[in-house]
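**Student:** Show me how the following folds:
(4 chains)
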There are 2 protein chains.
Amino acid sequence: MPSGSSLERLRAANRRALLALLDTEGPLSRADLARGTGLSRTTISGLVTDLVAAGQVVETTDKGRPHKGGSGRPPMLIALSPGSGTVVGVDLGHRHLRVALADRTGTVLAEETETIDVDEDGTAALDRAAAAARRIAHAAGKDAARVHMVGMCVPAPFDRRSARIRTGILRGWRDLSPGEELARRLGVPVHVDNDANLGALAEHTRGASHGSAHAIYVKIASGIGAGIVLGGRLHRGATGQAGEIGHVQVGEDGAICRCGNRGCLETVAAAPRLLAVLQPAYDEPLTATRVRELDAEGDAGVRRVLSDAGRTIGRALADLCNSLNPEVIVLGGSLGASASLREGIRAAVDRYAQPDTADAVRVVAAQLGDRAELVGAVALAVARSREPS
Amino acid sequence: MPSGSSLERLRAANRRALLALLDTEGPLSRADLARGTGLSRTTISGLVTDLVAAGQVVETTDKGRPHKGGSGRPPMLIALSPGSGTVVGVDLGHRHLRVALADRTGTVLAEETETIDVDEDGTAALDRAAAAARRIAHAAGKDAARVHMVGMCVPAPFDRRSARIRTGILRGWRDLSPGEELARRLGVPVHVDNDANLGALAEHTRGASHGSAHAIYVKIASGIGAGIVLGGRLHRGATGQAGEIGHVQVGEDGAICRCGNRGCLETVAAAPRLLAVLQPAYDEPLTATRVRELDAEGDAGVRRVLSDAGRTIGRALADLCNSLNPEVIVLGGSLGASASLREGIRAAVDRYAQPDTADAVRVVAAQLGDRAELVGAVALAVARSREPS
DNA sequence: AGTTTTTTGTTCACTTCCCGACAGAAGGGA
DNA sequence: TCCCTTCTGTCGGGAAGTGAACAAAAAACT
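**Tutor:** Numbers count the residues shown, from 1 in each chain, chains lettered A, B, ... in the order given. As a prediction, the model looks like this:
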């Protein structure tokens, strides 16, 4: 519930609209902002004055680039101010840890990746994450050390009410509140969400589904999960567990899944299973990256396996399309960029979804690749640092 | 896009908030409104003065009922004004036509039902609907004849862009724009949506899912469809075709469906199929209503068939729960009130959805019964007549 | 070159909207 | 009867937003 008087809320809402416009459209003149928000130039001037005083935006005397509009007084551009301090994004995968330092516009300043076993020991993973965050922030200089906010991505359903990972999915995380733990280590507020949601946020903010009101981001990696954007907003559901499409049952008598059911989509079409199926036929050790390369080179076996996996995933997505009628499906995760997988999904959607629904949906690869979750974690931190509600 | 200046929009938003509060909470004092909206009493007084002048609300001198608060000056209650004129709701099913006349608070004043074959001939159905609307409005008196708005429910996916029913589903409706046609006959603006969406709207506004942010309304009748409320708002999707769960494929080699696919949920678990399965074992002619009675009486055959159908539907709903993590599933349509069906759905959701997701969702029968769609059509008309955007 | 046109940003007077404080109104309880 | 509580109306003031007018800067036109 926003506080303050109604007029204050109005002012705050206009401020947010202005900042959001700058965030998505880049530097703009006051006149552009007036047109974009529907407010008058006068109001915009006042808001900009306030925001400059507050250090949230800066006037960039962009003399260099010629003004495209043609005649008329050239505009003074207003840009989001990196301002003081920084934010940190942490991407915890099953087998990796990525940490990024970004200014408060979301521009990544530094980034590092480690390979660790996150699943087994949550405490150790959080120790490593905290150490990496401290290291990267101090290496970037004095001002960068003032970290305002941390966004973190965890590779499992995250219950926002208890601030905990759902019990039983990750072995080494029982009764651990990752946000609180990392906040305690760093002395900075931490916001947490799961990988698919943050990937969806990133692709929606800066990637393939930018501008689409209804988008489904599917992460196909160690597991399969979806982040669902509806009406331009991330849909998290009643308990924050929306998007768990990896546990749709695709066969009555399939393998036992870590969730306890059998025949889950994840057991059939996620990366570990596909690698296991392919490995016997290849001399080299296969990784998701290598499989993607082989697919691009036209390797028949890989194409067949990925295409089949795509059809299986696409079958589940077709049902979801029938229910949600989205504009775009964005494929992310280590295998999301594979063409065969995408074609398999497209074919299954066309076959199993209603014709008009299938026609309405685009199926595209993620633009941010395996950095989507990290970018999403940064975006979460930026958003939360902007409204310290 | 709302027009006018920012202050005008603020005023309008506050007016809407006030009206919405009155709509959901019933008659309230100015002080209650101030507490409920967060605005000051002064502001509320001003808004109420305006709205009284505009005829949108009335001051009900409710002397009769004692003031519960105890001591203090008794409040003057403000209630939505039925105002001048009426709205009409039209519910077109596959085999029935219902028309309701309501005042502008949504209170139904008169209602009638006919049994007709809607599917075969859209023009004829619209003629009957128009005649019924005219008849019912004139019978209710002079003022009632001033109909401001019509809300209509059609039993098929409705494409809001073309204002047409999706081609090929209803035989007798090709190239017909139901809204325009009815508007032309009645000389009143008509808003159209499909049955499941309007049922969902009705149950969310006045029924079983009232107060739940995320709800799925499932209509189980001639077909199977869902209306999805997320974040308190009806989700219609990119082209208005969200909620088409009737065409999830539940068997590779099932019967051919009217949508062209085979093995659709509708062909296995919708009313016509269930009646056909049951009929041979019964002497009397079965209807959905009769089947519901037999189920309540504990008839073993009926219970078995409904329970199985519930499991099949519940399987599809479990997948949807995994994706959307809703708070409640509301079962409507002619078979929605059946206990066996509900138990079958509950069992399948518990089995196939993720445990936490299944725990979070309630499965309940609709409160409005077979009138949900009609009430939804009225609610649509009321909502649209209130904001003539 | 000089003028016109176009676009931008600022200043000022004004309206709209909202809120706090005060006072009046209406009933219950000591 | 007097006090207390709660509700409602009114008044003055503050905050937000807007349009009109004006100044500034650069391109376009003569």
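**Student:** contacts, neighbours, all on C-alpha from now
**Tutor:** Fine.
**Student:** for the stretch 251-389 of chain A, what spans make up the strands?
**Tutor:** A:328-332, A:362-365 (DSSP state E, counting those that start in this stretch).
**Student:** Now render those as TSV, adding distance to residue B:211.
**Tutor:** Formatted as TSV, those follow (distance: least, CA to CA, whole Å):
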stretch	distance to residue B:211
strand A:328-332	30
strand A:362-365	34
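**Student:** Ok, which of the ones you listed comes nearest DNA strand C?
**Tutor:** strand A:328-332 (33.1 Å; CA to the nearest atom of the strand).
**Student:** Flag every buried residue along the closest one.
**Tutor:** Within strand A:328-332, the residues that count as buried by 16 or more other CA atoms under 10 Å in any protein chain shown are A:328, A:329, A:330, A:331, A:332.
**Student:** for stretch A:175-190, same thing?
**Tutor:** A:177, A:178, A:179, A:180, A:181, A:182, A:183, A:186, A:188, A:189, A:190.
**Student:** Check stretch A:222-242 too.
**Tutor:** A:222-232, A:234-242.
**Student:** re earlier: in JSON lines, list the strands of the stretch 251-389 of chain A along with distance to DNA strand C and mean pLDDT.
**Tutor:** Output for the strands of the stretch 251-389 of chain A, formatted as JSON lines (distance: least, CA to the nearest atom of the strand, whole Å; pLDDT from 0 to 100):
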{"stretch": "strand A:328-332", "distance to DNA strand C": "33", "mean pLDDT": "97"}
{"stretch": "strand A:362-365", "distance to DNA strand C": "34", "mean pLDDT": "97"}
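**Student:** from the buried residues of strand A:328-332, which single one is nearest residue B:143?
**Tutor:** Checking these against residue B:143 by CA to CA gives residue A:328 as the nearest, at 48.6 Å.
**Student:** Was I right to think that closest one contacts residue A:358?
**Tutor:** No: in this structure, residue A:328 is not within contact of residue A:358 by CA atoms under 8 Å, at 10.1 Å.
**Student:** SS state for whichever residue of the stretch 101-250 of chain A sits closest to chain B?
**Tutor:** Relative to chain B, the nearest point of the stretch 101-250 of chain A is residue A:243 (4.2 Å; CA to the nearest CA). Of the three states, residue A:243 takes coil under DSSP: H, G, I helix; E, B strand; the rest coil.
**Student:** so which strand or helix has the spatially most central residue of chain A?
**Tutor:** Centroid-nearest residue in chain A, with CA atoms, centre = their mean: residue A:199, separated by 2.2 Å. Of the helices and strands defined by DSSP states H and E, residue A:199 is found in helix A:195-206.
**Student:** Let me have the buried residues of stretch A:175-190 in CSV, extended by secondary structure, distance to residue B:150 and pLDDT.
**Tutor:** CSV is the format used below for the buried residues of stretch A:175-190 (DSSP: H, G, I helix; E, B strand; the rest coil; distance: CA to CA, whole Å; pLDDT from 0 to 100):
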residue, secondary structure, distance to residue B:150, pLDDT
A:177, coil, 52, 90
A:178, helix, 53, 91
A:179, helix, 51, 93
A:180, helix, 53, 94
A:181, helix, 56, 93
A:182, helix, 56, 95
A:183, helix, 55, 95
A:186, helix, 59, 93
A:188, coil, 55, 94
A:189, coil, 51, 95
A:190, strand, 50, 96
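**Student:** ok, residue A:98 to residue A:143 distance?
**Tutor:** Using CA to CA, to the nearest Å, residue A:98 is found at 22 Å from residue A:143.
**Student:** With residue A:240 instead?
**Tutor:** 35 Å.
**Student:** Likewise for residue A:346?
**Tutor:** Following CA to CA, the distance that separates residue A:346 from residue A:143 is 48 Å.
**Student:** And for residue A:186?
**Tutor:** 16 Å.
**Student:** now residue A:102
**Tutor:** 12 Å.
**Student:** quick one, which of those two is more surrounded?
**Tutor:** Each of residue A:102 and residue A:143 has its neighbours counted (other CA atoms under 10 Å in any protein chain shown); residue A:102 has more, 26 against 13.
**Student:** Backbone dihedrals for that one, please?
**Tutor:** The phi and psi values for residue A:102, taken as degrees, to the nearest 10, are phi -140, psi 150.
**Student:** shouldn't it be in contact with residue A:133?
**Tutor:** No: under the criterion of CA under 8 Å, residue A:102 makes no contact with residue A:133, lying 11.2 Å away.
**Student:** what do those two both touch?
**Tutor:** residue A:88 (CA atoms under 8 Å, 6 or more residues apart in numbering or on different chains).
**Student:** near DNA strand D, which residues of the stretch 251-389 of chain A?
**Tutor:** Contacts of the stretch 251-389 of chain A with DNA strand D, taken as CA under 7 Å from any atom of the strand, are absent.
**Student:** Give me every residue in the stretch 251-389 of chain A lying close to chain B.
**Tutor:** Residues of the stretch 251-389 of chain A lying near chain B by CA under 8 Å from any CA of the partner chain: A:259, A:261, A:319-327, A:352-354, A:357, A:360.
**Student:** ok, those residues vs residue A:295, which is closest?
**Tutor:** Taking those together and measuring to residue A:295 by CA to CA, the closest member is residue A:352, at 25.0 Å.
**Student:** Which strands or helices does the lowest-mean-pLDDT helix or strand in chain A pack on?
**Tutor:** Of all helical and strand segments in chain A, the minimum by mean pLDDT, DSSP states H and E falls on strand A:164-165, at a mean of 83. Applying 3 or more CA pairs under 8 Å, 6 or more residues apart in numbering or on different chains; DSSP states H and E, one finds that strand A:164-165 contacts strand A:158-159.
**Student:** which residues in the stretch 101-250 of chain A form strands?
**Tutor:** Counting by DSSP E, counting those that start in this stretch, the strands of the stretch 101-250 of chain A are A:108-115, A:147-154, A:158-159, A:164-165, A:190-194, A:215-220, A:224-230, A:233-235.
**Student:** So for DNA strand C, which of these sits nearest?
**Tutor:** So among those, strand A:233-235 is nearest, using CA to the nearest atom of the strand, at 26.2 Å.
**Student:** Give the pairing partners of that closest one; include direction for each.
**Tutor:** Its sheet considered, strand A:233-235 pairs with strand A:224-230 (antiparallel) by DSSP bridges.
**Student:** which outside residues touch the partner strand?
**Tutor:** Against strand A:224-230 from outside (CA under 8 Å, 6+ apart): A:196-201, A:204, A:213-219, A:234-236, A:242-246, A:265-266, A:270, B:323.
**Student:** OK, now which residue of chain A is nearest to DNA strand C?
**Tutor:** residue A:72 (2.9 Å).
**Student:** and that residue, that's in a helix?
**Tutor:** No: judged by three-state DSSP, residue A:72 forms no part of a helix; its state is coil.
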